[in-house]
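K.L.:
Fold the following for me, if possible:
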Amino acid sequence: MLVKVFGSAVFGVEATTITVEVNIDKGVGYHLVGLPDNAIKESSYRIAAALKNNGYYLPGKKITINMAPADLRKEGSAYDLTLAIGILAASGQIKTDEVDKYLIMGELSLDGGLQPIKGSLSIAIKAKAEGFKGFFLPIQNVKEAAIVAGLDVYGVENVLQVIDFFEGNGTLEPTIIDTSEEFNKTLDFPEFDFSDVKGQESIKRCMEIAAAGGHNIILIGPPGSGKTMLAKRLPSILPPMTMHEALETTKIHSVAGKVKDTGLLNQRPFRSPHHTASSVSLVGGGSYPQPGEISLAHNGVLFLDELPEFKREVLEVMRQPLEDREVTISRAKFTITYPSSFMLVASMNPSPSGYFNDSDSPVSSSAAEMQRYLSKISGPLLDRIDIHIEVTPVPFDKLTETRKGESSFEIRKRVTAAREIQSKRFDVFENIHYNAQMGTKQIREFCVLDENSLQLLKTAMERLNLSARAFDRILKVSRTIADLEDSEIVNSNHIAEAIQYRSLDRDGWLG
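P.N.:
All right, here's what the predicted structure looks like:
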């Protein structure tokens, strides 16, 4: 008897429906075709034990299973449940003609229990698009899949629940998630708040500008000056995610198996990889391609602490994703594109010892040592960072102040207002939502300067020997400063402030 059941494969962040054809005939043998990997080939042992331990059996006949399309490589153990239900239906142990109306996925334990799978949100979106009636998957993944409205999503703990459902004996009910309610669970009192930061008012101003325009920022300063503390608080002042951003972010984390039992992600991600990270772990890829840290930080913040300690080749692979806001991984047989629109926040010491060329410092470094250390970061990468700012140690009188600083909630209000101005401005552009995403055409259109501003910028370009890319960065940052002041035009004050935030472009910036 021939039966068709359906599973799904995830490539990049999109799912492809897999048709599993199970045919049971006279003879003996278990034949699995359609480019399965070793994890799928081993599924017969898990399926046999799971069925036997639940009162069913693997037929002692010739079982032929084809996973179509046959030229597409299938990976992972998530097809166990699909194959098991197909075998039971083809051997007549389940008497139903409904199995082809549902998409079925899950890894089986030997007792028939189900282990979680990856990419369930992408699979659910595809199942709905292709008109499936419902989706069976492990209960650990049900919250993320149930985000998709208009599809019956059943979270199951054991293969018996699926069997009983098709036999008409079970009481399995679809999981219903109120997506709007999940999305609106905002974090009004973040764990890391800017009110905890003593002093550093100028740096807070920089962080506010970076958040308002989505600009990349690098913090340079000695140990203990508060670089990491400030970076960790940046997500608390970013505008709340839109529903589209939340779904996009959840989909990426779902593919990487990072969602677990949380359902819709409504907080912007903050990723902080260690400086020993490889280029593959940072941008994604591998034998079985997975999204890297830059994609997991999509719509959020990627924090690279001690930037010069990262391997140079690791940092260089970020140059293209920083410009294109997506990363394309190419292999001989396929090409995968992961979105990677993130804010880069980097921090670094000015020298190997960590201190400025200051006689009062515990350890001093020469100008040559500082230059050698800074040269670990390439000019093209620094050009892609809009704001460079020096962070100096907080004086004792500021540290001992009892008065709390401005809260993240208050700063976030101004940032959100500036982002709303930008959203309206770029409403006609499909892939541009804030100032940092502007291309050359938009910069020329929305950053028109008067004669005084042009002269000021010309002088800065000549004295600092800035590149054309740095010129564009200054204009983008000045546009954001103007938006924070609700100013339609970019004037010389905005340009002057933006020029200050190019520390690493200045000769002798270390004093």
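K.L.:
which residues of this protein score low on pLDDT?
P.N.:
Residues of the chain meeting the criterion pLDDT under 70: 182-190, 260-261, 353-365, 503-511.
K.L.:
okay, now the domains of it?
P.N.:
As given by automatic domain parsing, the domain ranges for the chain are 2-177, 194-505.
K.L.:
any idea how far the first one is from the chain center?
P.N.:
If I follow you right, that is domain 2-177. Put simply, domain 2-177 sits 28 Å off its chain's centre (CA atoms, centre = their mean, to the nearest Å).
K.L.:
Spatially nearest residue to residue 100 (excluding sequence neighbours)?
P.N.:
For residue 100, ignoring the flanking residues on the chain, the nearest one in space by CB to CB, 6 or more residues apart in numbering is residue 4 at 5.1 Å. C-betas here are computed from N, CA, C, even on glycine.
K.L.:
give me the number of residues near that neighbour?
P.N.:
Counted with other CB atoms under 10 Å, the neighbours of residue 4 add up to 16.
K.L.:
Could I get the phi/psi values of it?
P.N.:
When read as degrees, to the nearest 10, the backbone of residue 4 gives phi -110, psi 130.
K.L.:
I figured it was touching residue 21, is that so?
P.N.:
Yes: using CB atoms under 8 Å, residue 4 is in contact with residue 21, at 5.4 Å.
K.L.:
How about the contacts made by the residue nearest to residue 100?
P.N.:
Residues near residue 4 by CB atoms under 8 Å, 6 or more residues apart in numbering: 19-22, 86, 99-100.
K.L.:
go on, residue 336?
P.N.:
For residue 336, the contact set (CB under 8 Å, 6+ apart) comprises 11-12, 289, 328-329.
K.L.:
Could you tell me which strands the helix or strand that contains it is paired with, and in which direction each runs?
P.N.:
Using DSSP states H and E, residue 336 falls within strand 335-339. Applying DSSP bridges, strand 335-339 is found paired with strand 326-330 (antiparallel).
K.L.:
Mind listing the shared neighbours of residue 4 and residue 21?
P.N.:
The contact sets of residue 4 and residue 21 overlap at residue 86 (CB under 8 Å, 6+ apart).
K.L.:
returning to that earlier point: could you point out the helix or strand that follows the strand holding residue 336?
P.N.:
Next in sequence after strand 335-339, counting helices and strands by DSSP H and E, comes strand 343-348.
K.L.:
Which residues does that following strand contact?
P.N.:
For strand 343-348, contacts defined as CB under 8 Å, 6+ apart pick out 210-211, 214-221, 227-228, 231, 234, 238, 300-308, 318, 322, 377, 384-385, 436.
K.L.:
Next step: those restricted to strands.
P.N.:
Judged by DSSP state E, strands contain the following of the contacts of strand 343-348: 217-220, 301-304.
K.L.:
Weed out the non-buried ones from the contacts of residue 336.
P.N.:
11-12, 289, 329 (16 or more other CB atoms under 10 Å).
K.L.:
what's the spacing between residue 336 and residue 198?
P.N.:
To residue 198, residue 336 is 45 Å away according to CB to CB, to the nearest Å.
K.L.:
go on, residue 139?
P.N.:
Counting by CB to CB, the gap between residue 139 and residue 198 amounts to 46 Å.
K.L.:
how about the helices of the stretch 51-200 of the chain, start to end?
P.N.:
Along the stretch 51-200 of the chain, counting by DSSP state H, counting those that start in this stretch, helices occupy 80-90, 120-129, 142-145, 159-167, 179-183.
K.L.:
Can you say which of those helices is nearest to residue 33?
P.N.:
Proximity to residue 33 (CB to CB) singles out helix 80-90 among the helices of the stretch 51-200 of the chain, at 12.5 Å.
K.L.:
what's next to the closest one, contact-wise?
P.N.:
The contact list for helix 80-90 (CB under 8 Å, 6+ apart) reads 1-7, 18, 20-24, 43, 46-47, 50-51, 56, 58-59, 63, 65, 94, 96, 99, 104-108, 114, 136, 159, 162-163, 166.
K.L.:
does residue 16 sit in a helix, a strand or a coil?
P.N.:
Residue 16 falls in the strand class when you classify it by DSSP: H, G, I helix; E, B strand; the rest coil.
K.L.:
Look up the closest residue to it, ignoring the ones flanking it.
P.N.:
Ranked by CB to CB, 6+ apart and with sequence neighbours excluded, the top spatial neighbour of residue 16 is residue 9, at 5.0 Å.
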